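Trainee: okay, sequence plus prediction incoming.
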Amino acid sequence: MHAWPASEVPALPGKGRDLRIHDTATGGRVTLAPGPVARIYVCGITPYDATHMGHAATYNAFDLVQRVWLDTKRQVHYVQNVTDVDDPLLERAIRDGIDWVGLAERETALFREDMTALRMLPPQHYIGAVEAIPGIVPLVEQLRDSGAAYELEGDIYFSVDADPHFGQVSNYTTELMRHLSAERGGDPERPGKKNPLDPMLWMAAREGEPSWDGASLGAGRPGWHIECVAIALDHLGMGFDVQGGGSDLIFPHHEMGASHAQALTGEFPMAKAYVHAGMVGLDGEKMSKSRGNLVFVSRLRRDGVDPAAIRLALLSHHYRADWEWTDQVLQDAVERLGRWRAAVSRPDGPSADALVEELREALSDDLDAPAALVAVDRWAALQEAEGGTDDSAPGLVSRAVDALLGVAL
Ligand code: 5CA
Ligand code: ZN
């Protein structure tokens, strides 16, 4: 699949800082020291509805990861998937009486537009589940042939007990895992499974549902977790730097994915850090397509909201926090954007050298975007109150805000 166009990232004077980031698996901060090419996999959308503020907030977090790395003069190898065949997509297509392929294409196209408008850097490899199927089939066969997977009435299940490290991404109790498995696409109650938590790797063709040739697996379609693992291993290999997504993906998705990869390769860990963004809510509930309590990026854009203001609204919350979208959050961002634009539109101002370092320090410290915004606020307030004589400062602030925060002033 094609991704979306990249906005340019200005180079800044001085030296970027290595990223220290919270890792779900160890429960603490890790300092990532990638080689010249940093590797990141971020779970993409299931394209049955438009991009809402929760999705946008999660992609914003991982866009910041890239920007911190780019500032250290590293290249970034970024891979993202599109879950363009899965139960919720098929259910929505049936509900609306439309073709599931067309639905996925339409919503993926809108997602690309939203990401472009928000200045999110595109992945180098943007891969759909359907196009990944030829790579998924041999992995499922390998797991089955090595005893890490088994057949149940034509479906193939992964045996979580095949990975000695199973449980080490989420560190959740078995009870919580069981509860979340039932809630998030698993089937812990199905009789005949070796372990109730075992997730499906390959679902045998069902009447009236799309299916693909699965060689020795028979016709069917892939499970959700193996989709991301196949794409990540194909394009990044084991031991990549960051596996990213929202906190609702910790279990089962990222736990199972890590176990699939570890059982396939015998290597540990799949990723050096498992990084999770908090959930954005509306009216006291997690914003979700299934609940329907959504604020869409595209809707705000149609209403004439500047995408830079949407981005500032996302940046005003720490990525790990759960927070609520409100009109006030957006209003504050619109006002902040106005103040910043006024401040950089003057021909000179107070020196911005210290500001650049403050931005670097804030972002390299577990992506503390709110602290970065406060630092820019301080410079803008000084500009407004006293001005300054440094004629390179306004340009430097614009470039730093663009390069590190993805906001075009
Ligand atoms: N296709 C799968 C991942 S392989 C999926 O979860 N798709 S999704 O469309 O449901 O979500 C896309 C991304 O947005 C995921 O990282 C998910 O964790 C994140 N996300 C979903 N809802 C919210 C929310 N309310 N707040 C923050 N992030 C969210
Ligand atoms: Zn995924």
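Mentor: Done, it's in. Ligands and ions are numbered 1, 2, ... in the order given.
Trainee: now do stretch 387-400, average pLDDT.
Mentor: The average pLDDT within stretch 387-400 is 98.
Trainee: what does that stretch contact?
Mentor: 10, 12-13, 340, 343-353, 355-356, 359, 376, 379, 382-383, 409 (Cβ atoms under 8 Å, 6 or more residues apart in numbering). All C-beta spots, glycine's among them, are computed from the backbone N, C-alpha and C.
Trainee: just the buried subset of these, please.
Mentor: 12, 340, 343-344, 349-350, 352, 355-356, 359, 376, 379, 382-383, 409 (16 or more other Cβ atoms under 10 Å).
Trainee: what about those residues, which are in helices?
Mentor: 340, 343, 344, 355, 356, 359, 376, 379, 382, 383 (DSSP state H).
Trainee: can you tell me which of the residues you listed lies nearest to residue 77?
Mentor: residue 359 (24.1 Å; Cβ to Cβ).
Trainee: that closest one reaches residue 373, doesn't it?
Mentor: No. With contact defined as Cβ atoms under 8 Å, residue 359 and residue 373 do not form a contacting pair (9.5 Å).
Trainee: give me the common contacts of those two.
Mentor: Contact with both residue 359 and residue 373 is made by residues residue 405, according to Cβ under 8 Å, 6+ apart.
Trainee: the lowest-mean-pLDDT helix or strand in the chain pairs with which strands, and in what direction?
Mentor: Using mean pLDDT, DSSP states H and E, the weakest-scoring helix or strand in the chain turns out to be strand 285-286, at a mean of 82. Here strand 285-286 has these sheet partners by DSSP bridges: strand 280-282 (antiparallel).
Trainee: so what touches the partner strand?
Mentor: Taking Cβ under 8 Å, 6+ apart as the rule, strand 280-282 contacts 52-54, 57, 286-287, 293-295, 322-325.
Trainee: so that strand, near ligand 1 or not?
Mentor: Yes. Strand 280-282 lies within reach of ligand 1 by Cβ under 6 Å from any ligand atom, at residue 280.
Trainee: what are the contacting residues of stretch 201-210?
Mentor: Taking Cβ under 8 Å, 6+ apart as the rule, stretch 201-210 contacts 85, 90, 100, 136-137, 140, 143, 149, 153-158, 211, 214, 217-223, 225-226, 260.
Trainee: pull the CA atoms of it into CSV?
Mentor: What follows is stretch 201-210, C-alpha atoms only, in CSV (Å, rounded to 0.1, in the frame of the first residue of the first chain):
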residue,chain,number,x,y,z
LEU,A,201,-3.5,-17.8,14.0
TRP,A,202,-5.5,-18.9,11.1
MET,A,203,-9.3,-19.0,10.8
ALA,A,204,-10.7,-21.6,8.4
ALA,A,205,-12.9,-20.1,5.7
ARG,A,206,-16.4,-19.3,7.0
GLU,A,207,-19.6,-19.3,4.9
GLY,A,208,-20.1,-15.9,3.4
GLU,A,209,-16.8,-14.4,4.5
PRO,A,210,-13.7,-13.7,2.4
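Trainee: how about that stretch: buried residues?
Mentor: 201, 202, 203, 204.
Trainee: take the residues you listed and keep only those in strands.
Mentor: Judged by DSSP state E, these include 201, 202, 203, 204 as members of strands.
Trainee: contacting residues for the nearest residue to the last one once chain neighbours are set aside?
Mentor: Looking back up the chat, that one is residue 204. The shortest distance from residue 204 to any non-neighbouring residue, by Cβ to Cβ, 6 or more residues apart in numbering, is to residue 154 (3.5 Å). Residues in contact with residue 154 (Cβ under 8 Å, 6+ apart) are 204, 218, 220.
Trainee: which of these lies closest to ligand 1?
Mentor: residue 220 (18.7 Å; Cβ to the nearest ligand atom).
Trainee: surely the closest one meets residue 226?
Mentor: No. Under the criterion of Cβ under 8 Å, residue 220 is not in contact with residue 226, lying 11.8 Å apart.
Trainee: show me which of the two is the more surrounded one.
Mentor: Using other Cβ atoms under 10 Å as the criterion, residue 220 and residue 226 rank with residue 226 on top: 29 against 25.
Trainee: I believe residue 39 is in a strand; please confirm or correct that.
Mentor: Yes. Counting by DSSP: H, G, I helix; E, B strand; the rest coil, residue 39 falls inside a strand.
Trainee: where does the residue lying closest to it once chain neighbours are set aside land on pLDDT?
Mentor: Nearest in space to residue 39, with sequence neighbours left out and distances taken as Cβ to Cβ, 6+ apart, is residue 240 at 3.8 Å. pLDDT for residue 240: 98.
Trainee: now do residue 99
Mentor: Note on residue 99: pLDDT of 96.
Trainee: give me the number of neighbouring residues for it.
Mentor: By other Cβ under 10 Å, the residues close to residue 99 number 11.
Trainee: for the closest residue to it other than its chain neighbours, give its distance to ligand 1.
Mentor: Once flanking residues are discounted, residue 99 sits nearest to residue 93: 6.5 Å by Cβ to Cβ, 6+ apart. To ligand 1, residue 93 is 15 Å away according to Cβ to the nearest ligand atom, to the nearest Å.
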